[in-house]
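In: Got a predicted structure plus its sequence, pasted below:
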2 protein chains.
Amino acid sequence: MKSKQRPTIRDVAREAGVSYQTVSRVINDSDHVSPHTRGRVWKAVEKLGYRPNRMAQILQTERSLTLEVVMPYFGFNRVLYDMARTAHQRGYNLVIAAIDSDEFPQALESAEARFIDGLILTPLFPFIDDYDELVRLTHGIPFVQIGAKLGAHFPSVIYDHAQGARLATQHLIDLGHRAIAEISGPLLNYDAAARHEGWQATLKDNGIPPQPCIEGDFTIEGGYQAMNDLLDSGAAFTAVFAGNDSMAFGIQTALRERGLHVPGDISIVGFDDIPESAHLVPGLTTVRQDFQLLGQLAVEYLLNLIENRDTPIYQRVLSPRLVIRGSTRPVR
Amino acid sequence: MKSKQRPTIRDVAREAGVSYQTVSRVINDSDHVSPHTRGRVWKAVEKLGYRPNRMAQILQTERSLTLEVVMPYFGFNRVLYDMARTAHQRGYNLVIAAIDSDEFPQALESAEARFIDGLILTPLFPFIDDYDELVRLTHGIPFVQIGAKLGAHFPSVIYDHAQGARLATQHLIDLGHRAIAEISGPLLNYDAAARHEGWQATLKDNGIPPQPCIEGDFTIEGGYQAMNDLLDSGAAFTAVFAGNDSMAFGIQTALRERGLHVPGDISIVGFDDIPESAHLVPGLTTVRQDFQLLGQLAVEYLLNLIENRDTPIYQRVLSPRLVIRGSTRPVR
DNA sequence: CGTCGGAATGTGAACAGTCACAAAAATTGT
DNA sequence: ACAATTTTTGTGACTGTTCACATTCCGACG
């Protein structure tokens, strides 16, 4: 009696007195196995504590039931867990490729070698907006991009950031503001750029001349720094549109240090509606995105692409909505 | 000429005019291959665009170079990305098992079947504090637990939360506070319980009678709710120790709504030092933990356990530190 | 009563590598 | 120059599973 580490399909077959192929059929829930045999096999599986060797299965089937999120530090960390959860519910695993942008091609090579079934991508340098080019790079592995450019012709799930920025800016204009500065996110980020354009367009549509804008980096400290720069520049404004809520936190601190009151002197609108924003003093008026939903939709779309070859290719665009709190007030 | 999908090691061998074993040696950077042959093989690899099939390698070697984080929703989401990054730097992948507590045993079965090399665990119901029991459940896969109980005799990386709570409470006492309430985290969470004990012990050490405590859930809304409950109970206090910063946000809102001023009427100390805390008004005095460091140390320890069989088993305890900001002030 | 159809089961050959050992080639010492 | 040694290369077997196809079994029907 040899004591092997792990029982194999053949051990189970011997135990149950059937062929290994029959065991394979049973564990794969295949048709054409008599209930009687099925029972015997399961009993043997139970008795030996047999678990199929996933790697052998993957080697044979070329399906790993694994999705990979390829993303740089910058961005969507907060959706990771929810994506993993959605994947798990459909029987998939989710692995994170935490890469620098220049490792993108290698990461995709590696994904192919590991039989990754699908990819969640974020926009990466250098930006690639061509579907065929992306298909080539991903070696034909189905993918969905989050945070893609509006209008991209490949599978993607995004928020309409320009629209969100329009809501925010119009809200300020409706309150009588005309001098509306912006602290934008990094403009080579599509989301940041779209918000920036929405702000610009809304000003223009309302006959307001161009207003000052400083580029931040989406962090609290970056917002703080940018607002100080803006104040130092001597620009006059009664309201600020912040590229995201984190920067709004820093902006608010910078204003307070200069003796400027929110919303008495300056109104602020943010973007994202992170949980803390409702509890700032005053509460932050902001544009809400549901990141959890975004991650969930992206994974579900990806799974459909994997499991139904004829799933159509589209861009799903979600509409953000304005949440009005205490940080905005009619201009004096 | 058959046009196979993917070139295999044998195709490369034929192309380079060597045996498949030699190709295997070259791609594994093994010794005893002449520079000349090595060159020929690499050229063939290049020419055919050969990439080793990871699944075949794993099947044979029983090493997947993959770590798995097994965790429920509750907890350490924010360290995911940093752990993935640390793993990546050492050539490992990281997969997330986003499970409910009752799926714990299945998750570990599955990990074994996928030849997961190491596990990052968080405490899960039912709590298991026995090393041998954990080894049994994990099928001998090396693991490191984060957020383990202080004094646990298995590989773990934690902060000393009781110590952090002592720093926070002593700080309030030094400011003259004696009526120091607590809004704790969920007490069956080890971290929350340790903070709670640190608070209690410090009061006792200073000859202060037991103070009111309400159990929250670590969320902003939970903190808001708990503080309202505390105020409704009619308890008298001049300071609050919050189980974490998120709850401190909710607590501050609740106090403000009741017309109580921070720090004028009530001082608050939080725990974690999330980035937003510095930008609350007033800035939140809190106990700082470096989550990034925690994740990084856990992954590094895990990799050592995997790669050196004789890595000692220990609990690494990090010391949090108090960050004093505007939310605490001497008692009136 | 032979044979036909369909369900149930079994067999050989992949899948793409690595390991252990055998064989050949190159290097060294005497 | 020849045996001893070392380095380099090759061969057979094996990892655990699924696929494609072959075979057996069993009742029903002409």
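Out: On my side now, so go ahead.
In: Quick check: A:Ala168 touching A:Ile268?
Out: No. The criterion here is Cβ atoms under 8 Å, and A:Ala168 misses it with A:Ile268 at 10.0 Å. (Each C-beta comes from the backbone N, C-alpha and C, glycine too.)
In: what do the two both touch?
Out: A:Thr285 (Cβ atoms under 8 Å, 6 or more residues apart in numbering or on different chains).
In: mind giving me the domain ranges of chain A?
Out: A:9-52, A:64-159+A:292-319, A:161-289 (automatic domain parsing).
In: what's the first-to-last distance across the first one?
Out: Distance between the two ends of domain A:9-52: 7 Å, counting by Cα to Cα, to the nearest Å.
In: The second one now?
Out: Across its full length, domain A:64-159+A:292-319 reaches 34 Å end to end, with Cα to Cα as the criterion.
In: now it, how far from the chain's geometric center?
Out: 9 Å (Cα atoms, centre = their mean, to the nearest Å).
In: Mind checking the pLDDT average for the helix or strand hosting A:Val23?
Out: If you go by DSSP states H and E, A:Val23 is part of helix A:20-27. The average of the pLDDT scores along helix A:20-27 is 90.
In: tell me which residues in that helix are buried?
Out: Buried residues in helix A:20-27, defined by neighbour count with 16 or more other Cβ atoms under 10 Å in any protein chain shown: A:Thr22, A:Val23, A:Ser24, A:Arg25, A:Val26, A:Ile27.
In: Per-residue pLDDT of A:Phe74, please?
Out: For A:Phe74, the predicted pLDDT is 64.
In: Now A:Gly326: phi and psi?
Out: phi -80, psi -10 (degrees, to the nearest 10).
In: residues in contact with the nearest residue to it once chain neighbours are set aside?
Out: Closest residue to A:Gly326 apart from its sequence neighbours, by Cβ to Cβ, 6 or more residues apart in numbering or on different chains: A:Pro282 at 3.0 Å. With contacts taken as Cβ under 8 Å, 6+ apart, A:Pro282 has the following neighbours: A:Val262, A:Pro263, A:Arg325, A:Gly326, A:Ser327.
In: what's the most distant pair in those residues?
Out: A:Val262 and A:Arg325 (11.1 Å; Cβ to Cβ).
In: more neighbours, those two?
Out: Taking neighbours as other Cβ atoms under 10 Å in any protein chain shown, A:Val262 and A:Arg325 compare with A:Val262 leading, 23 against 19.
In: Mind telling me what element that one is part of?
Out: Residue-wise, A:Val262 maps onto no helix or strand under DSSP H and E.
In: With A:Glu197 instead?
Out: helix A:190-205.
In: Check which residues of that helix are buried.
Out: Buried, per 16+ other Cβ under 10 Å, within helix A:190-205: A:190-200, A:202-203.
In: burial measure for A:Arg166, as a count.
Out: With other Cβ under 10 Å as criterion, A:Arg166 counts 20.
In: Contacts only, for it.
Out: A:Gly198, A:Trp199, A:Ala201, A:Thr202.
In: how near is A:Gly243 to A:His32?
Out: Taking Cβ to Cβ, to the nearest Å as the measure, A:Gly243 falls 60 Å from A:His32.
In: brain fart, A:Gly223
Out: Relative to A:His32, and taking Cβ to Cβ, A:Gly223 is found at 64 Å.
In: So between the two, which is more surrounded?
Out: A:Gly223 (31 against 6).
In: got a list of what that one touches?
Out: Contacts were defined as Cβ under 8 Å, 6+ apart; by that measure A:Gly223 touches A:Ile183, A:Gly216, A:Ala242, A:Gly243, A:Ser246, A:Met247, A:Ala248, A:Phe249, A:Gly250, A:Ile251, A:Ala254.
In: Give me the subset of those residues lying in helices.
Out: If you go by DSSP state H, these have A:Ser246, A:Met247, A:Ala248, A:Phe249, A:Gly250, A:Ile251, A:Ala254 in helices.
In: next SSE after the helix holding A:Val23?
Out: Heading C-terminal from helix A:20-27 (DSSP H and E), you reach helix A:35-48.
In: centre of the chain versus stretch A:174-183, how much separation?
Out: 30 Å.
In: so how far does it reach from one end to the other?
Out: Using Cα to Cα, the two ends of stretch A:174-183 sit 20 Å apart.
In: repeat for stretch A:276-295
Out: So stretch A:276-295: terminal residues 20 Å apart, Cα to Cα.
In: buried residues in that stretch?
Out: Buried, per 16+ other Cβ under 10 Å, within stretch A:276-295: A:276-289, A:291, A:294-295.
In: any idea of the mean pLDDT for it?
Out: 93.
In: how about the helices in chain A?
Out: A:9-16, A:20-27, A:35-48, A:54-61, A:80-89, A:104-113, A:131-137, A:161-174, A:190-205, A:220-232, A:245-257, A:291-307.
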